[in-house]
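Enquirer: What would the 3D arrangement of this be:
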Amino acid sequence: MRRIFAILLLIIVALGISLSLVKIPFGAPKTKVGRYYIEEGVEETGAANIVTSVVVSYRGFDTLGEVTVLFIAAIGLGAVLTAGVKEETRKTEPASLVLYTGCRLLFPLILIFGTYIFIHGHLTPGGGFQGGAIIASGFLLIYLGCRERRLSRIASNLAESLGGLTFVVIGLLGLVFGSYFLLNFLPKGTANALFSAGVIPIIYIAIGFKVGSELAGIIDNLIEES
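Expert: Numbering: from 1, shown residues only. Predicted coordinates for the structure are as follows:
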């Protein structure tokens, strides 16, 4: 009986997946919105990466909400892990020579690579979230290999605050110079050039610093708790 029930369940799931795949419009975009982004996105935003133009320009307010959710999560985690915990000096076991040497050599390269990702987010796949996550992985390597080092809370909070403030200020300037929040009011330049796409690269740099500092802070809190 159990085997029959399992077979019927698999048949229902397979039927549902098949019907869903049939309704997916493969090939050319079937919606006017998607076609509009593809055909007009580069000209309107100056960003060669269409995904970037959608994330930071067309639905930039939603991206601001995502960054806010990450900020609240970082604050909540820090509050939970530090509540009622007294500061005490712990003796940490040193890392192996390979890991210690690797963290010293790779950390600056990881920071450069993460910075490259969010600076070129309007030209190539990537952006602020991806670059910030890469930078946070560099701090994780520091915590694993160079265990006596810790993230500067002042520098982290400063980078996080400036990143979020820059995002909001650019959005408000859009209201000043135009008619809506996050208006791309700067010259768009030439597509595929580094200095192009107006405010989009600035927003991605701000997101990169904010996401990187927030994720690094979360890692720091988890390492301290462990």
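Enquirer: name the element residue 64 belongs to?
Expert: Following DSSP states H and E, the helix or strand that holds residue 64 is helix 60-82.
Enquirer: So which elements touch that helix?
Expert: helix 153-177, helix 200-225 (3 or more Cβ pairs under 8 Å, 6 or more residues apart in numbering; DSSP states H and E). (Each C-beta comes from the backbone N, C-alpha and C, glycine too.)
Enquirer: tell me the mean pLDDT over the longest one?
Expert: Per-residue pLDDT over helix 200-225 has a mean of 88.
Enquirer: ok, residue 147 to residue 94 distance?
Expert: 7 Å (Cβ to Cβ, to the nearest Å).
Enquirer: So which of the two has more stuff around it?
Expert: Between residue 147 and residue 94, counted using other Cβ atoms under 10 Å, residue 147 has the larger neighbour count: 16 against 11.
Enquirer: surely that one meets residue 95?
Expert: Yes. Judged on Cβ atoms under 8 Å, residue 147 makes contact with residue 95 at a distance of 5.8 Å.
Enquirer: Okay, buried residues for the helix or strand bottoming out on mean pLDDT in the chain please.
Expert: One helix or strand of the chain scores below all others by mean pLDDT, DSSP states H and E: helix 2-23, with a mean of 80. Of all the residues in helix 2-23, not one is buried under the rule 16 or more other Cβ atoms under 10 Å.
Enquirer: could you give the angle of the helix or strand that comes right after that helix to helix 200-225?
Expert: Using DSSP H and E, the helix or strand that follows helix 2-23 in sequence is helix 32-45. Interaxial angle, helix 32-45 versus helix 200-225 (axes from the mean of the first three to the mean of the last three Cα atoms, to 10 degrees): 110 degrees.
Enquirer: Which residues does helix 32-45 contact?
Expert: The contact list for helix 32-45 (Cβ atoms under 8 Å, 6 or more residues apart in numbering) reads 28-29, 47-48, 50, 52-54, 57-58, 184, 188, 191, 197-198, 200.
Enquirer: The residues you listed: which two are farthest apart?
Expert: 28 and 198 (28.9 Å; Cβ to Cβ).
Enquirer: Settle it for me: which of the two has more neighbours?
Expert: Per other Cβ under 10 Å, whichever of residue 28 and residue 198 has more neighbours is residue 198, with 21 against 8.
Enquirer: what are the phi and psi angles of the more buried one?
Expert: Main-chain dihedrals, residue 198, degrees, to the nearest 10: phi 60, psi -120.
Enquirer: What does the pLDDT read for residue 111?
Expert: Residue-level pLDDT assigned to residue 111 equals 93.
Enquirer: And for it, nearest residue in space, chain neighbours not counted?
Expert: Of all residues not flanking residue 111 in the chain, residue 138 sits nearest, at 5.5 Å (Cβ to Cβ, 6 or more residues apart in numbering).
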